[in-house]
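# Next one to model:
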Amino acid sequence: MSEPQSSEGTTQRLPVIEKPADTGGEYEAPPVPAAETDEARGSGRFWSARRVPAGIVALLLLVVAGAFLYDVAAVRAGRDAMAWRRNLAEQLAERPLDDIWVLVGAGVAAALGLWLIVLAVTPGLRAVLPMRRPHTDVRAGLHRDAAAMVLRDRAMEVAGVQSARVRVKRARADVRAVSHFRELDDVRADLDATLTEAIRGLGAARPPALSVHVARPGRKG
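Residues are numbered from 1 along each chain as shown. Purely as a prediction, here's the structure:
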């Protein structure tokens, strides 16, 4: 015997995530499965496209190469070489290697080359926290400012917190709260429990360590 079906078509009830009942104690988040932990370890930082440095280098190379190409083509056509290229060739031929301007130019070129190498081998996008990858073909990231906003909202829900400032770094989340009533130790303990749960809920591949500081408001006047 089959169950009666709705006349509006086949529908399915969506799962509902219910908030656990407030028992007055600390809520323990369910442990992360081993497979998810392995996927979290494999989630590295996002690589930046480096569009601005690449555009600057490409523009400089285009200008320099275009100028040399135009001058060489002009010489091939029977015209005299430009004064700047003759002057550059004379300076390179006459100046010794220990000349101050030669050393300065070499230092600038070496610094620019080192800068480009660092940009090429580092991922960049430090402001984006990689998230866990439950699926290998899906990758997501969370901006630090958004994570800090979530943690600040959760901190303001704690009784006794008057104001809170949150800074999320790569490996640590610094929380500085001002409490105008209740004992500071009690407020700090509640903040530790609430924000630890909130950090788990962010879904970061490498959850930042929590650092909480609670103080009384300063006197006015």
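
# Surely Arg176 forms part of a strand?
Yes - the assignment for Arg176 by DSSP: H, G, I helix; E, B strand; the rest coil puts it in a strand.

# tally of neighbours for it?
Burial measure for Arg176: 15 neighbouring residues, criterion other CB atoms under 10 Å. C-betas here are computed from N, CA, C, even on glycine.

# In contact with it, which residues?
Shown in contact with Arg176 (CB atoms under 8 Å, 6 or more residues apart in numbering): 164-166, 213, 215.

# Quick check: beta-bridge partners of it?
When bridges are taken as DSSP bridges, the partners of Arg176 come out as Arg165, His213.

# what does stretch 78-98 rub up against?
Outside stretch 78-98, the residues that reach it (CB under 8 Å, 6+ apart) are 68, 71, 74-75, 101-102.

# if we go to 10 Å?
Outside stretch 78-98, the residues that touch it by CB atoms under 10 Å, 6 or more residues apart in numbering are 67-68, 70-75, 99, 101-103, 105-106.

# for stretch 119-128, same thing?
Outside of stretch 119-128, the residues within contact range by CB under 10 Å, 6+ apart are 44-50, 53-54, 57, 130, 140-147, 168-170.

# Can you show me the strands along the chain?
128-130, 141-143, 161-168, 172-179, 209-215 (DSSP state E).

# Give me the distance between the first one and the centre of its chain.
What it means is strand 128-130. Shown here is strand 128-130, whose average C-alpha point lies 5 Å from the average C-alpha point of the whole chain (CA atoms, centre = their mean, to the nearest Å).

# Could you do the third one as well?
With CA atoms, centre = their mean as the basis, the distance from the averaged C-alpha position of strand 161-168 to the chain average is 20 Å.

# which helix is the longest one in the chain?
If you go by DSSP state H, the chain has its longest helix at helix 51-76.

# list the buried ones in that helix?
Under the neighbour-count criterion of 16 or more other CB atoms under 10 Å, helix 51-76 has Asp71 buried.

# Show me what that helix is packed against.
Contacts defined by 3 or more CB pairs under 10 Å, 6 or more residues apart in numbering; DSSP states H and E place helix 51-76 against helix 83-94, helix 100-121.

# Residue ranges in the chain under the pLDDT threshold?
With pLDDT under 70 as the threshold, the chain has low-confidence stretches at 1-43, 220-221.

# how near is the residue positioned nearest the centre of the chain to Val102?
Among the residues of the chain, the smallest C-alpha distance to the mean C-alpha position (CA atoms, centre = their mean) belongs to Ala127, namely 2.0 Å. Shown here: Ala127 relative to Val102, a distance of 40 Å by CB to CB, to the nearest Å.

# Same question for Asp80.
Taking CB to CB as the measure, Asp80 and Val102 are separated by 27 Å.

# Between the two, point out the one with more neighbours.
When Asp80 and Val102 are compared on other CB under 10 Å, the one with more neighbours turns out to be Val102, at 14 against 9.

# what domains does the record give for this structure?
Domain segmentation of the chain under automatic domain parsing yields 51-121, 128-215.

# Tell me which of the ones you listed sits most buried.
With neighbours defined as mean count of other CB atoms under 10 Å, the domains of the chain peak in mean count at domain 128-215, which reaches a mean of 17.

# From the opening residue of that one to its closing one, how far?
The first and final residues of domain 128-215 sit 30 Å from each other (CA to CA, to the nearest Å).
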